[in-house]
Every structure is written in structure tokens, then in C-alpha cells.
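Enquirer: Sequence first, predicted model second:
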Amino acid sequence: MHIDWAALGSVFGVSLIVTVALVALFTLGILGLSKRESATAQGGSAALAATGAYACFAACAAAVAYGIYLIVA
């Protein structure tokens, strides 16, 4: 049995980068929802914050769906 260490390291690196990116994107969505609530409490418009938050969550869902597609296909 031969282990291709370069390929294993490449898979580890890509999965680490994608995981960090997804966590950052989800965090931006949470921050957008937080800004929406604070803007609503102050009587301002929260449409931009809500739209950004929902876009972040949609991008996270799309990335997870693509990952599941790659596993299944």
C-alpha cells in the first residue's frame, strides 16, 4: 500500500481553507442579523443588513449543497 502524501496534504489544505471560509461567511451572516436588530431598535432601515445576512446564509447553503453533490457524484 502506497500513501500519496502530497495528495493527502492537498486535500487537508483545501478542506481547512473551505472550512474557515464557511465559518467566516456564516459569521458575517450572524453579524448582519445583529446589525438588523440594532437598526430596527433605533428606528432605522435594516433592509441592507438583512439582505447581506440572507446572501451570506444562501452562499453557505450553496457551498454545503455543492460539497454534498461532490460526495454523491
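Expert: Noted; the coordinates are in hand.

Enquirer: Report the contact partners of the spatially most central residue of the chain.
Expert: The residue lying closest to the centre of the chain (C-alpha atoms, centre = their mean) is L22, at 3.0 Å. Counting by C-beta atoms under 8 Å, 6 or more residues apart in numbering, L22 makes contact with 60, 63-64. From N, CA and C alone the C-beta is placed, and that goes for glycine too.

Enquirer: pLDDT and secondary structure added to those, as TSV?
Expert: TSV is the format used below for these (pLDDT from 0 to 100; DSSP: H, G, I helix; E, B strand; the rest coil):
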residue	pLDDT	secondary structure
C60	96	helix
A63	95	helix
V64	95	helix
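
Enquirer: Using ChimeraX, define a selection of the buried residues within those residues.
Expert: Buried residues within these, by 16 or more other C-beta atoms under 10 Å, are selected in ChimeraX with:
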select :60
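
Enquirer: ok, of the contacts of L22, which one's closest to V18?
Expert: Distance to V18 across the contacts of L22 (C-beta to C-beta) is lowest for A63, with 7.4 Å.
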